[in-house]
Each structure stands twice: as C-alpha cells, then as structure tokens.
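Asker: Only the shape, not the letters, is given here:
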C-alpha cells in the first residue's frame, strides 16, 4: 500500500488512474480534489475488511467449506507446464491461433 506522503506527491491524474483504473474505486468527495482520491486509497482496505465482517460482498467461508475446497484442490492435482500455460493464456483473454 501507499503512505499518505507517497500519495500526496502524485498528480491528480495519477491518483485518479490508481483509483479508477488500477483498483476500480471511486473518489471520496469531490473528484476534482486530490484529497478525495488520497482518502479513497488510504481507506479502502479498512472498508473492504469491514464489509467482509458485515457479510457484504465476499463472505468468510465456514471451516467445513474450507476443508471441502482443500480436498477438491488436492484431488485435482498439480498442473503440468502446458496446462499452466493454457490457464495463463485463458486468464489473459488471448486466443490461440
């Protein structure tokens, strides 16, 4: 994450790009003010964690669900280098010709 000092050194455009493009969050307050973006960047981790504890959006799974997921991943095994490459290409949204 960033410190307030690091963020204050950035331009309004850089802060806007960090919020909107990099992280997909909105400015808190006036979008023409650097402080609005700085506040959003400094507070979003705390807000996100509170949302999880409030069961808003992502929720903490129960232990039995974590154990079931662990068993499923164990059963799937480890991908080969070719399978890993296919997963990477798929996540990038590229088409193989």
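Answerer: Right, received. Where do you want to start? None of these values were measured; they are calculated from a predicted model.
Asker: so how far is the strand or helix carrying residue 68 from its chain's centroid?
Answerer: In this assignment (DSSP states H and E), residue 68 forms part of helix 63-76. Distance of helix 63-76 from the chain centroid (CA atoms, centre = their mean, to the nearest Å) equals 23 Å.
Asker: show me where the protein has helices.
Answerer: With DSSP state H applied, the chain shows helices at 4-8, 12-17, 34-53, 63-76, 81-92, listed in chain order.
Asker: Just send those back as CSV, with mean neighbour count, distance to residue 24 and mean pLDDT too.
Answerer: The C-beta positions use only the backbone N, C-alpha and C, and glycine is treated the same way. What follows is these, written out as CSV (neighbours: other CB atoms under 10 Å; distance: least, CB to CB, whole Å; pLDDT from 0 to 100):
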stretch, mean neighbour count, distance to residue 24, mean pLDDT
helix 4-8, 12, 17, 96
helix 12-17, 15, 11, 97
helix 34-53, 15, 10, 95
helix 63-76, 10, 26, 96
helix 81-92, 10, 17, 90
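Asker: Can you check which of these gets nearest to residue 26?
Answerer: Nearest of these to residue 26, taken as CB to CB: helix 34-53 at 6.6 Å.
Asker: got the helices of the chain as a markdown table, with distance to residue 28 columns?
Answerer: A markdown table is the format used below for these (distance: least, CB to CB, whole Å):
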| stretch | distance to residue 28 |
| --- | --- |
| helix 4-8 | 13 |
| helix 12-17 | 12 |
| helix 34-53 | 5 |
| helix 63-76 | 34 |
| helix 81-92 | 31 |
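Asker: which helices and strands sit right next to the helix holding residue 68?
Answerer: Using 3 or more CB pairs under 8 Å, 6 or more residues apart in numbering; DSSP states H and E, no helix or strand is in contact with helix 63-76.
Asker: Could you find the closest non-adjacent residue to the residue positioned nearest the centre of the chain?
Answerer: With distances taken as CA atoms, centre = their mean, residue 23 lies nearest the centre of the chain, 6.6 Å away. The shortest distance from residue 23 to any residue that is not its chain neighbour, by CB to CB, 6 or more residues apart in numbering, is 7.0 Å, and that residue is residue 44.
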